[in-house]
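[1] Using only what follows, build the 3D model:
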Amino acid sequence: MKMKIYCIIIVALLLNGKLFAQFGNSNSELMNELKTKKLHVIIDEENYNNNLLKETIQEEWTLTDFEFIKSSEIKSLKEDKNNFFLTYTSFKYDDTFSGKRMTKKITDDGLSLFFFPEDKAQGIINVKFSPASYYFSEFGKKVNEKINQSLDRYLNLQAKHIEAINMIENHINFYASQNLNKSLQPKEQLEYLSDKNAKSIQSKTLIFTELTIPKRINTEKKLKKKYSHDFRFSTIEELEDAILNKTSGLAYFKIINFRTLTFILVIDAETSEILYGEVGKGFDQLHVAPRVFEAIDKY
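    Numbering: from 1, shown residues only. The predicted structure follows:
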């Protein structure tokens, strides 16, 4: 990818590493300043992903003026401190399953927002097209080859883009509305968002697939003992439709595993806002534990 030299992302939000939503240089002053700048979206060629990104920006981006540029234009535009930039991130893996080292494959797997306070780029937020728990549950701990072949089964690309762009706007608006002179630690930010938003989940319908829920509470009767508000077992297709149509009154789970940490989020289908979040230790957690339902129920 032509832009990867510019995309050295200093990550922090939900994890100090690659994950669903990450930021590097985030504070209230910067985010308010950012809302006065112009967004430049890097699109070097016409293809399905780039066309979808262009369409999503045109329909979803509301914070600032924007324009579409080629990566070759960054050198001249970065000198103007009133500019910031959006591009795809890339994901690499070594396909070694045939018994020999193969060429690395690069896949667009998220969006990176960055700017140039000086000569070098600094990351603001990196939102990943990360598979959710029901995707991982289907394949469990099988080799990465299987996971890579099925990445697009999580959500269709249009839903992924809408979710990512809204997450970026939510992140900027969160810091712009606070008085924070530094980036919050992951646990701090999730606790703040949960205290602010978790109560609203109780007035929504919480949807999830059967694969998201452990067997000990995977029936309506069992789950009602842990969670007293509206919920229903659903499908990936319904979740896609909810995001695409910005369906009001629905929320869904997203589980993200990274190294020894697991992040459990509840996302508003209408706005892609984080309504509840927690972080804990564990390898390859695939389910939403009963205690999560109990915690939301107590707000």
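
[2] now the stretch 101-250 of the chain, which segments are flagged as low pLDDT?
    101-109, 128-155 (pLDDT under 70).

[3] now the helices: where do they sit in it?
    133-139, 144-149, 157-176, 186-201, 220-224, 236-244 (DSSP state H, counting those that start in this stretch).

[4] want to try a markdown table for these, with distance to Leu113 as columns?
    Where C-beta positions appear, they are placed from N, C-alpha and C, glycine not excepted. Converted to a markdown table, the helices of the stretch 101-250 of the chain look like this (distance: least, CB to CB, whole Å):
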| stretch | distance to Leu113 |
| --- | --- |
| helix 133-139 | 25 |
| helix 144-149 | 25 |
| helix 157-176 | 6 |
| helix 186-201 | 17 |
| helix 220-224 | 38 |
| helix 236-244 | 20 |
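
[5] Those helices into JSON lines, with extra columns for distance to Val292 and mean neighbour count?
    Output for these, formatted as JSON lines (distance: least, CB to CB, whole Å; neighbours: other CB atoms under 10 Å):
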{"stretch": "helix 133-139", "distance to Val292": "11", "mean neighbour count": "21"}
{"stretch": "helix 144-149", "distance to Val292": "24", "mean neighbour count": "13"}
{"stretch": "helix 157-176", "distance to Val292": "21", "mean neighbour count": "21"}
{"stretch": "helix 186-201", "distance to Val292": "11", "mean neighbour count": "17"}
{"stretch": "helix 220-224", "distance to Val292": "11", "mean neighbour count": "13"}
{"stretch": "helix 236-244", "distance to Val292": "18", "mean neighbour count": "18"}
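
[6] Compare these and give me the one nearest Phe253.
    Phe253 sits nearest to helix 133-139 of all the helices of the stretch 101-250 of the chain, at 6.4 Å, using CB to CB.

[7] So for Thr96, what pLDDT did the model give?
    At Thr96, the pLDDT value in this model is 35.

[8] same thing with Gly17?
    So Gly17 comes in at 29 (pLDDT).

[9] swap in the one 4 residues further on?
    With respect to pLDDT, Ala21 has a value of 49.

[10] repeat for the one 10 residues further on
    The predicted local distance difference test score for Met31 is 90.

[11] buried stuff in the host helix or strand of it?
    Assigned by DSSP states H and E, Met31 belongs to helix 28-34. Neighbour-count burial for helix 28-34 flags 28, 30-31, 34 (criterion: 16 or more other CB atoms under 10 Å).

[12] Gln58: which of these is nearest?
    Proximity of the buried residues of helix 28-34 to Gln58 was ranked by CB to CB; the top entry is Leu34 with 19.5 Å.

[13] Isn't His40 up against Phe66?
    Yes - the criterion here is CB atoms under 8 Å, and His40 meets it with Phe66 at 7.2 Å.

[14] More neighbours: these two, which one.
    His40 (23 against 16; other CB atoms under 10 Å).

[15] do you know how far the more buried one is from Thr87?
    Separation of His40 from Thr87 (CB to CB, to the nearest Å) stands at 9 Å.

[16] can I assume Gly277 sits in a helix?
    No - checked against DSSP: H, G, I helix; E, B strand; the rest coil, Gly277 lies outside a helix; its state is strand.

[17] Tell me where this structure has strands.
    Residue ranges of the strands in the chain, as given by DSSP state E, are 21-23, 38-42, 66-69, 83-93, 105-115, 122-128, 205-208, 231-233, 250-258, 261-268, 274-281.

[18] Pick the most deeply packed of those.
    Of all those, strand 21-23 carries the top mean neighbour count, a mean of 26, counting by mean count of other CB atoms under 10 Å.

[19] picking that back up, could I get the buried residues of helix 28-34 in CSV, plus columns for distance to Leu275?
    Shown next, in CSV, are the buried residues of helix 28-34 (distance: CB to CB, whole Å):
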residue, distance to Leu275
Ser28, 22
Leu30, 25
Met31, 20
Leu34, 24
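
[20] what's the burial count for the residue nearest to Ala251 when sequence neighbours are not counted?
    The shortest distance from Ala251 to any non-neighbouring residue, by CB to CB, 6 or more residues apart in numbering, is to Lys204 (4.7 Å). Lys204 has 20 neighbouring residues, counting by other CB under 10 Å.
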